[in-house]
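Asker: Sequence first, predicted model second:
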Amino acid sequence: MSTNDTWSTFAAVYAAVISTFVLGWDAYKWLHSGPNVRIDTSTGMKIAGGGIPDPKSYISIIAVNNGDRATTITNLGFMYYKSWWKACLCRKRCDYSAIITTPSQAQPLPYRFEAGDQWIGLCEQDDDVDRMVQEGYLFVVLYCSTSGKGIRCLLKRKEHITVQKANRDA
């Protein structure tokens, strides 16, 4: 094998490695592009300020679009499952579901959710919500135009503040 053949083989191998890396990088960018919505919830929230005190407790939902494209928030709701098995494997067969009609007056639904934006919604917390969190698995579900099955956030038992505790601490 001559020196020219060795250099040609080396250049071909180098080009094949680089082109494979570039193809993989483009696939990674394509898979991770678009909206990337994350939600977080807090229970037992009170509304402070204003002229009239509000004795109710609320669940606060904060969504952040960490992606590079906009989406539209279309709906917000609850899904309750009595067992862990149903919550993980049978997502569509919940034991109870509800839609929150007006979670935010400042950012009403449907809401155009730009990249880098934050959306905040509230829903009333009552004894039924407390019972569902303690006895099963209650998820807050945010529906967007780009994700068909909804973005779920579990209301965790350890972090849950009941209505009675929120009223006692207020």
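Answerer: Arrived safely.

Asker: Leu142 and Asp5: what is the separation?
Answerer: Counting by Cβ to Cβ, to the nearest Å, the gap from Leu142 to Asp5 is 60 Å. Every residue, glycine included, has its C-beta placed from N, CA and C.

Asker: what about these two, which has more around it?
Answerer: Comparing Leu142 with Asp5 by other Cβ atoms under 10 Å, the one with more neighbours is Leu142, at 24 against 9.

Asker: before we move on, which element is that one in?
Answerer: strand 137-144 (DSSP states H and E).

Asker: Spell out the residue ranges of the helices in this protein.
Answerer: Assigned by DSSP state H, the chain shows helices spanning 3-31, 84-89, 127-135, 163-169.

Asker: Quick one: mean pLDDT over stretch 55-74.
Answerer: Taken as a whole, stretch 55-74 has a mean pLDDT of 94.

Asker: Show me what counts as buried in that stretch.
Answerer: Along stretch 55-74, these residues count as buried under the neighbour rule (16 or more other Cβ atoms under 10 Å): Ser57, Tyr58, Ile59, Ser60, Ile61, Ala63, Asn65, Gly67, Ala70, Thr71, Ile73.

Asker: ok now it, how far from the chain's centre?
Answerer: 8 Å (Cα atoms, centre = their mean, to the nearest Å).

Asker: Would you mind measuring the gap between the ends of it?
Answerer: 29 Å (Cα to Cα, to the nearest Å).

Asker: same deal with stretch 51-63?
Answerer: 28 Å.

Asker: Kindly report the same for stretch 81-98.
Answerer: 12 Å.
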